[in-house]
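Student: Take a look and give me a structure for this.
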Amino acid sequence: MNELELKYGCNPNQKPSRIYMEDGSDLPVTVLNGKPGYINFLDAFNGWQLVKELKAATGLPAATSFKHVSPAGAAVGLPLSEVESKIYWVDDLGELSPLACAYARARGADRMSSFGDFISLSDVCDESTARIIKREVSDGVIAPGYTDEALAILKAKKNGNYNVIQIDPDYVPAPIEHKQVFGITFEQGRNELKIDDELLSNVVTDNKEIKLPQLCQPDRIIKSDLNIGVRGKSAEQITFFKLQPCIDAIHHQPDAHAPIRSLQHGSHQILTAFSVTHIKCGHDKFPLRTFDQSQSVNKCLRIVIQTAY
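Tutor: A predicted model of the protein is given here:
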């Protein structure tokens, strides 16, 4: 199928609307359930690029939670501790697959912004992941495939109207991309920067001798892919907080196991901190500031933690 007609564009008054392949080839996606809209597909395709790159860079299953063409959370499938399972509200689901852990982490990065999200998964969606998706408020999901059990769960969601998209994992877009704004066409080469250990070997800090724990590497890759890989977003629009060990490596704080996340959303940088009494961060150009759990987690915080890298 070369094209898919949509109900309308970004807004109900924007008609006609469709997605199609200019070169006449078949679309790399199949709608298995529901009727995804214009913004749903924007979220799906942007999210799929992100998780595909994260999987290639880390070798781990990846998931992202997109809302209105911005990532509310992204994560890879590292196992959840007992405390983390409670933090991400999945402690009642028993043992989770790596992909399910990835989505639990991504959804939990900022649950408020993830409300009504579109989910992207790097791997075939399994029953474990589908059981998490089932109880969340979400518009749809895109993945390279679905097990029979997972597809049955997802098709029953939203009274049978939940959007389920399958994408060809081997699809490669053209090297030159185009975008129209006000009738004017912009053209550029696709952002194909490879995010790997070599790219991250240059630690952006005056202290070049600093050695970060290996546990920090997946988070550094995620942060880099969010800043570089989210198409149409500048690096200034997205910020990602690190795992506690990365902060400990600089400031020698005691608790090295608590997950810490921050994601830029609009004009707010949202800090989420669990199982720690306080966090200290700062450097030579910024005053040392302490944030504890008694403070609001939705304050606008201006912290440049990247200097710790």
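
Student: Quick check: chain neighbours aside, which residue is closest to Glu136?
Tutor: Once flanking residues are discounted, Glu136 sits nearest to Arg107: 6.3 Å by Cβ to Cβ, 6 or more residues apart in numbering. C-beta: built from backbone N, CA, C; applies to glycine.

Student: any idea which element that neighbour lies in?
Tutor: helix 98-108 (DSSP states H and E).

Student: buried stuff in that helix?
Tutor: 98-108 (16 or more other Cβ atoms under 10 Å).

Student: What is the helix with the most length in the chain packed up against?
Tutor: Ranked by number of residues, the top helix in the chain under DSSP state H is helix 38-58. With contacts taken as 3 or more Cβ pairs under 8 Å, 6 or more residues apart in numbering; DSSP states H and E, helix 38-58 sits against strand 62-67, strand 70-76, strand 117-121, strand 138-143, strand 163-167, helix 217-229.

Student: ok, the third one: who's next to it in the sheet?
Tutor: According to DSSP bridges, the neighbouring strands of strand 117-121, each with its direction, are strand 62-67 (antiparallel), strand 138-143 (parallel).

Student: Among these, which comes closest to Asp117?
Tutor: strand 62-67 (4.3 Å; Cβ to Cβ).

Student: Report the inter-axis angle for the closest one versus helix 98-108.
Tutor: 30 degrees (axes from the mean of the first three to the mean of the last three Cα atoms, to 10 degrees).

Student: What mean pLDDT does strand 62-67 get?
Tutor: Per-residue pLDDT values over strand 62-67 give a mean of 94.

Student: Of all the strands paired with strand 117-121, which one is nearest Lys35?
Tutor: strand 138-143 (9.8 Å).

Student: hmm, who's touching that closest one?
Tutor: Contacting residues not belonging to strand 138-143 are listed as 29, 34, 36, 40, 43-45, 47-48, 116-125, 133, 154, 157, 162-167 [Cβ atoms under 8 Å, 6 or more residues apart in numbering].

Student: tell me the angle of that strand relative to strand 163-167?
Tutor: Using the same axes, to 10 degrees: strand 138-143 against strand 163-167 is 20 degrees.

Student: For the helix or strand following strand 138-143, buried residues please.
Tutor: Heading C-terminal from strand 138-143, the first helix or strand you meet, by DSSP H and E, is helix 148-155. Neighbour-count burial for helix 148-155 flags 150-151, 153-155 (criterion: 16+ other Cβ under 10 Å).

Student: re earlier: lowest average pLDDT across the helices and strands packed on helix 38-58?
Tutor: helix 217-229 (a mean of 49).
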